[in-house]
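>>> Please work out how this folds:
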Amino acid sequence: MLERLQRLLGLQTIPGVFFTSAGVAALFVLLAIPYDQAVANAFGVLTGWVAQNLGWFYILSVTALLIFLLSLALSRYGKIRLGADDSRPDYSNLTWFTMLFAAGIGTILMFWGVAEPVSHLASPPFDGVEANSQRAASDAMTIALYHFGLHTWTIFAMPGLAIGYFAYRHNLPMRISSLFYPILGKRIYGPLGWTVDVIAVLGTLFGVATSLGLGTLQLNSGLSYLFGTPTEGWIQVLLIAVITSVAATSVALGLDKGVRRLSQVNIGLALLLILFVAVVGPTVFIAEGMVQSLGNYLNDLPWLAFWTQTFAESGWQRQWTLFYWAWTISWAPYVGIFIARISRGRTIREFIAGVLFAPTVFTLVWFGVFGLSAINVELGGQVALAEQVQQDPSVAVFAFLEAFPLADIASFLSIIIIVIFFTTSSDSASLVIDMLTRRDDQPSLVRQRIFWAASQGVIAATLLLAGGLDALQNVITSLGLPFCVLLIFMAVSLFRALRADHRGYSVSELVQGRAFPQVEAASAEKQEGQNVP
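Below you'll find the model as predicted:
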């Protein structure tokens, strides 16, 4: 029946993945519109249960994956290339980095670059720390770097590395289900594999929709600051429609003409904004603060990475760390595939070093400039930032820029950066979802990519109308859990395949049990026993 429907619509898909994903997304929208409060309450209850009972699992999983990736880079497997042994990278290091950043957490940094440090400054999460104190300021920067540094990029790097390895080294389809070939074998081409890909598609849809929702709130605040635009639901829906239209145009142009060019333009504009704030702001304070913040981050990371608020449960970790990890995990399928798509030819060591450390350094600079400047503005009493952030975090960056000259121009530049960040996130996600829902031998149809871009916009609008920021946080914290489990299995599957690769076996031989001497010996002994009369 699904194949008949596909032929009728003129699509090129894996029907079980495409129509199941589209059906679940449509069902959510149809239920959330008339029963918005009931849906919001249900996800609120589910999020509370996940945070109370499985928050430790999120914390431990992401930290364990970071340790796994660092160990892999330093091991004998680090020299293996994502592709043939003589392959070389498709993109230069600079182009690679700009695409990494634009499709990764650029949108999140624009929203939280000012809001998070100021929030932690005014409401310290640790017992005994006085608000607006030197300790509170230091902790605020450390926590921000923890949330957006190595741990966040671990979540992106894990699926990116695994997908790139299996796709370019073993010629498997560039889908999440391919990562489980050493475990499932050819069953990845059936219902089990389709289920994995459906989870990845839904995670991507809701993860990007959450980002679009947050970005829309921020854009609405910026337009209100500059032009007095009312902050109302219909304005936010209109903004989503505009962003979705731009993203649909970009996604129709493809990866090189659309995403790459937008990424390069946007990273240039972001650097211009950073340079502006660094020059007109407290330059020496920023430089000193970045050095100290880096030291504090490296010093506190070992215990912070395992901190679960066991003895002082306040709900802070649910609101911040768990939300970030779940949100990032929901992005992991699409960002992972996107990173893999642009990383062919790099060694595993190169890949891990680049994906973990280069964006983390940029994050340090971003929070060093915006976060430290915002703390300086708040402590100096120039603008009541903390008060405004607590009322509405989406207004943070625009309220912050009021403390500097040319505030209107800087705010307008911020709006442009936000729009392009969300556009590149949406169009690259649409490209990836299209890859997840069709076979490699099927053409990528423009109308399918546009359909997924439009779906992200519809879900984002629905989430905003169903409860705003709280609804966005609750939905993503709940839906991130299934893919968190998949990340663990990815690491196991990748390690098994790398061991086989190092011994000279292919991934298919691994599935057949011939990749390890002990397995092969046991198989031969069993066969010999069966031949005894």
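
>>> roughly how far out does the helix or strand containing Glu116 sit from the chain middle?
In this structure, Glu116 sits in helix 106-122 according to DSSP states H and E. Centroid separation between helix 106-122 and its chain, computed with CA atoms, centre = their mean, to the nearest Å, is 16 Å.

>>> Check which helices and strands that helix sits against.
helix 134-148, helix 191-227, helix 348-366, helix 372-380, helix 385-391, helix 396-401, helix 407-436 (3 or more CB pairs under 8 Å, 6 or more residues apart in numbering; DSSP states H and E). (Each C-beta comes from the backbone N, C-alpha and C, glycine too.)

>>> contacting residues around the next helix or strand after the second one?
As assigned by DSSP H and E, the chain's next helix or strand after helix 191-227 is helix 233-253. For helix 233-253, the external contacting residues (CB atoms under 8 Å, 6 or more residues apart in numbering) are 212-213, 215-217, 219-220, 223, 229, 258-259, 262, 419, 422-424, 426-427, 430-431, 446, 449-450, 453-454, 456-457, 460-461, 464-465.

>>> Give the next helix or strand downstream of helix 233-253.
Next along the chain after helix 233-253, with elements defined by DSSP H and E, is helix 261-280.

>>> Point out the other elements, helices or strands, that that next one touches.
In terms of contacts (3+ CB pairs under 8 Å, 6+ apart), helix 261-280 is packed against helix 93-103, helix 407-436.

>>> Now do it: everything it contacts.
Against helix 261-280 from outside (CB under 8 Å, 6+ apart): 95, 97-99, 101-103, 106, 250, 286, 365-366, 369-370, 373, 404-406, 410, 413-414, 416-417, 420-421, 423-424, 427.

>>> what about stretch 129-144, distance to the chain center?
Distance of stretch 129-144 from its chain centroid, counting by CA atoms, centre = their mean, is 26 Å.

>>> In it, which residues are buried?
Within stretch 129-144, the residues that count as buried by 16 or more other CB atoms under 10 Å are 129, 136-144.

>>> Average pLDDT for that stretch, rounded please.
Along stretch 129-144, the predicted local confidence has a mean pLDDT of 93.

>>> Return that stretch as CSV; C-alpha atoms alone will do.
Extracted C-alpha coordinates of stretch 129-144, given in CSV (Å, rounded to 0.1, in the frame of the first residue of the first chain):
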residue,chain,number,x,y,z
VAL,A,129,27.8,30.9,46.3
GLU,A,130,26.5,34.5,46.5
ALA,A,131,24.8,36.0,43.5
ASN,A,132,26.8,38.6,41.5
SER,A,133,30.0,37.6,43.4
GLN,A,134,33.4,36.9,41.8
ARG,A,135,32.8,33.1,42.4
ALA,A,136,29.4,33.3,40.8
ALA,A,137,31.0,35.0,37.7
SER,A,138,33.7,32.4,37.5
ASP,A,139,31.3,29.5,37.8
ALA,A,140,28.9,31.1,35.3
MET,A,141,31.6,31.0,32.6
THR,A,142,32.8,27.5,33.5
ILE,A,143,29.2,26.1,33.3
ALA,A,144,28.6,27.8,30.0
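
>>> Run through who's touching it.
Here stretch 129-144 makes contact (CB under 8 Å, 6+ apart) with 112, 116-126, 289, 292-293, 296-297, 300, 304, 320, 367, 371-372, 375, 378-379.

>>> among the residues you listed, which ones are buried?
Neighbour counting by 16+ other CB under 10 Å classes 112, 116-122, 124-125, 289, 293, 296-297, 300, 304, 320, 367, 371-372, 375, 378-379 among the contacts of stretch 129-144 as buried.

>>> which of the helices and strands packed on helix 261-280 sits most buried?
Of the helices and strands packed on helix 261-280, the one with the most neighbours on average (mean count of other CB atoms under 10 Å) is helix 407-436, at a mean of 24.

>>> which helix is the longest one in this protein?
For the chain, the helix that runs over the most residues, judged by DSSP state H, is helix 446-502.

>>> Now that one: average pLDDT?
82.

>>> With stretch 12-23 instead?
The average pLDDT within stretch 12-23 is 91.

>>> Check which residues of it are buried.
Within stretch 12-23, the residues that qualify as buried are 12-22, counting by 16+ other CB under 10 Å.

>>> nearest to Val383, of these?
Nearest to Val383, judged by CB to CB, of the buried residues of stretch 12-23 is Ser21 at 44.5 Å.
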